[in-house]
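K.L.:
Predicted model follows, preceded by the sequence.
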Amino acid sequence: MTVPASTPPPFRPPPLPAHQPPWPPPDAHTTPAPAPAPPRDTRARAVLLILVLVHVGVGIEMLIDLNRPDVPLLGDGTFSVLNEDLIAWPLGELMVYGFPACWAAAAVAGLAALAGAGRSRRFTRGCRTAVGVLLVLPFAAVSVAMTNIFVSPRLSTLALLGCLPSTVFGVLAIHRAQRYRRMPLWLPLAAFGGGLVVGGGFGATMGTWLGSHLPNYLWTPGTGAQQLEHTVNTAVYTGAGVFEELSKGAVIAVLFLLFRRHFDGVVSGVVIGAMAGLGFNYVESVLYITYGDGVYANLQYWLRQSLGLMAAHTAFTAAIGAGFGIARQLRTPGARRAVIACGFLAAIGTHATNNLLLRYFQHEVGDWFPGASDAVWVLVVFPAAILLLQGPLLVLYLLLLRRGLRDQAAGLAVELSAEAARGHGAVTWGELPALLNPARRFRVKVDALRRGGGLRVHRRLGRLHAAQFDLGMHLWHASRDEVDPYDTRNEAQLRERVLRLKAEGAAPFPGPDAGVAT
Amino acid sequence: MRFFAVYGLLVGTVTTCVALLFALVIDTEPDLNGRPDTPLPTAWPSGVPTGFPTDVPSGFPTGFPTELPSGFPSDYPTGFPTELPSDFPSDWLTAVPTYPTDYPTGFPTDYPTGFPTDYPTGFPTDYPTGFPTDYPTGFPTDFPTLSAFSTSSAFSTFPTTGPSVSSDSAPDEWTPPTGPSGEFPEAP
């Protein structure tokens, strides 16, 4: 396609969709000064409360196990590790000794932080960090034990390495779904790690305690062994849906509290939620691949790391993250809580239903398709079951992503146009077409690379675009009166950063035709 | 975002109801494939000990025996021996077995080396060539009649196998070459 020789008309912003609130005209645009930041202890206390509540759940399960009815023939449960005459299993010892030990150590560190509150800020900060680490440590140990690395180290190592490429692909795909402003990569990776450690550890811990005491509570005279096992498994599968989603939601809540300035809306929430789900999916895939010495390794890899990589846990937790992302833009606390609760309800309900229906399908579908070959099972039946059970949430988070990206594009179009009209130079009319079109923006960077600029220019352009989006999203939040009170940056600082990047790198100012294929 | 709130609430409510339906109504029994369930005993069978024993059963020996049981041979040695058996070498601690002196060492020196030189070379020149010409041609006409087969002498006129292709030389004329020791040399 050839470009006409005459100068094209200046860029005009696209018309706003009908659902957008009326924006103030660019000339009368005013940015309210951000409210003074409240003390940071409020957020730290909220994070500590979330972690403590997670451990309270573990403690309640331990108390229930201690007080279970004594049915001698149903085994001694997890507390049997206290009996020196029996051979203890490592996970049981970790649960019986490890958790109380970490609680005691965290309590000592917390008391030390309180005692030294007025003396040394560094000491207090160190004690708080120690408390956080001690509260996360037992879950990390349980997650490591879940990979069966101590039972079959070779198989576990192979599974960990084998699942890595697909998981990395999932992480990059989700991170790149942010087509405009992208949060720094360490934040989604923190969500991934949180889902892996806290989500995997808490889910396994609660499942172990449930399996330890539920037979005693659910046994009645005359109950057969298989019936009791079936009933216990029903409770454990339902509990898995509840506890695993609660723990992954706790990770998202912690990140939302600490780094809300990086959450722009539903897109950010979906990304963080999906990352937490992907981390949990990674450790659970290794668990099931190594189960039974790898007897179903191939099938488990296909179902969890290929077919269901972007479904299952990724979709479940993306719904929770979407709730937090939407809450970011709501003004009233009641509305925020309602939206977050809807996200949790959708995730927990779908996860529990998925577990129970998959168990039902396993022993019923064999009668529906008696002559089906293994290939039909793997390529047709299982994909159909996953689509049916996890499809609703998959559709939900994809629709939300699309809706959120369109809203971001519309908001950025208005705010960046207003910034260009102000004439500060941070955003120019010539840059707008490339900024608002991800494909053209990518083409601009590729063209810069091909013109001999190298990776340095490519990265500099990327940083410039990111800084311009930071400024645009800040203006958008300010115009909607939803600036994060903990965000100490202001409009002038963000604009200055853009101008500094333009001055330092001498990045070429792309014209209106930038990114247009010739 | 009313859309998400309504959709999420709807999905969550429907899936929760479906989960409860399956857990409490539909899938409440295991798949036993027509077999009866394994009954769980309600208590330990009577007489089975439920704990570790703390007392030694009556009659159980409490110490090591001091004398041989009844019926045991009287000359059975008790305690550790104090002397070596009579035929045991007295220098068993220091003696070193000697290696037999006549054990062959090294590679035999009389092993024939080299390929034998008197190996016949070339194809024998006296090998008959061509098809023998004195082979009877045509089908014999003097084939004995059936009645002639009744006597063994009838076989004396039955043509024998053709003359040997080596009829000009005795079948055992070629002998394998031998080495200096009179035996066929092995491969080097």
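P.N.:
On my side now, so go ahead. Numbering: from 1, shown residues only, chains lettered A, B, ... in the order given.

K.L.:
Tell me how many other residues crowd residue A:392.
P.N.:
Using other C-beta atoms under 10 Å in any protein chain shown, the number of residues around residue A:392 comes to 21. Bear in mind the C-beta positions are built from the backbone N, C-alpha and C, glycine included.

K.L.:
where's it, which helix or strand?
P.N.:
Assigned by DSSP states H and E, residue A:392 belongs to helix A:382-422.

K.L.:
same deal with residue A:166?
P.N.:
Going by DSSP H and E, residue A:166 is in helix A:153-176.

K.L.:
Could I get the average pLDDT for that helix?
P.N.:
The pLDDT scores in helix A:153-176 average 94.

K.L.:
for stretch A:337-347, same thing?
P.N.:
Taken as a whole, stretch A:337-347 has an average pLDDT of 93.

K.L.:
and chain B, which residues reach chain A?
P.N.:
Listed as neighbours of chain A in chain B under the rule C-beta under 8 Å from any C-beta of the partner chain: B:1, B:3-5, B:7-9, B:11-16, B:18-19, B:22-23, B:26-32, B:36-44, B:50, B:52.

K.L.:
Number of residues surrounding residue A:428?
P.N.:
Neighbours of residue A:428 using other C-beta under 10 Å come to 18.

K.L.:
That one contacts residue A:422, correct?
P.N.:
No - using C-beta atoms under 8 Å as the test, residue A:428 is too far from residue A:422 to be in contact (10.9 Å).

K.L.:
Pull up the overlap in contacts between the two.
P.N.:
Counting by C-beta atoms under 8 Å, 6 or more residues apart in numbering or on different chains, residue A:428 and residue A:422 have no common neighbour.

K.L.:
Quick check on the residues of chain B next to chain A: which are buried?
P.N.:
For the residues of chain B next to chain A, a burial check counting by 16 or more other C-beta atoms under 10 Å in any protein chain shown picks out B:1, B:4-5, B:7-9, B:11-12, B:15-16, B:18-19, B:22-23, B:27, B:30, B:37, B:40.

K.L.:
Mark which of these are part of strands, please.
P.N.:
Counting by DSSP state E, no part of these is found in strands.

K.L.:
buried sites along the helix holding residue A:166?
P.N.:
Using 16+ other C-beta under 10 Å as the test for burial, helix A:153-176 gives A:155-156, A:158-160, A:162-163, A:166-167, A:170-171, A:174-175.

K.L.:
Can you name the element that comes right after it?
P.N.:
helix A:186-194.

K.L.:
what helices or strands is the next helix or strand after the helix holding residue A:392 leaning on?
P.N.:
Under the assignment DSSP H and E, the closest C-terminal helix or strand after helix A:382-422 is helix A:432-435. If contacts are counted by 3 or more C-beta pairs under 8 Å, 6 or more residues apart in numbering or on different chains; DSSP states H and E, helix A:432-435 sits against helix A:382-422, helix A:438-448, helix A:454-479.

K.L.:
Remind me what the second one packs against, helices and strands.
P.N.:
Right, helix A:438-448. Partner elements for helix A:438-448 (3+ C-beta pairs under 8 Å, 6+ apart): helix A:432-435, helix A:454-479.

K.L.:
ok, residue A:378 touching residue A:302?
P.N.:
Yes - here residue A:378 lies in contact with residue A:302, judged by C-beta under 8 Å, at a distance of 6.5 Å.
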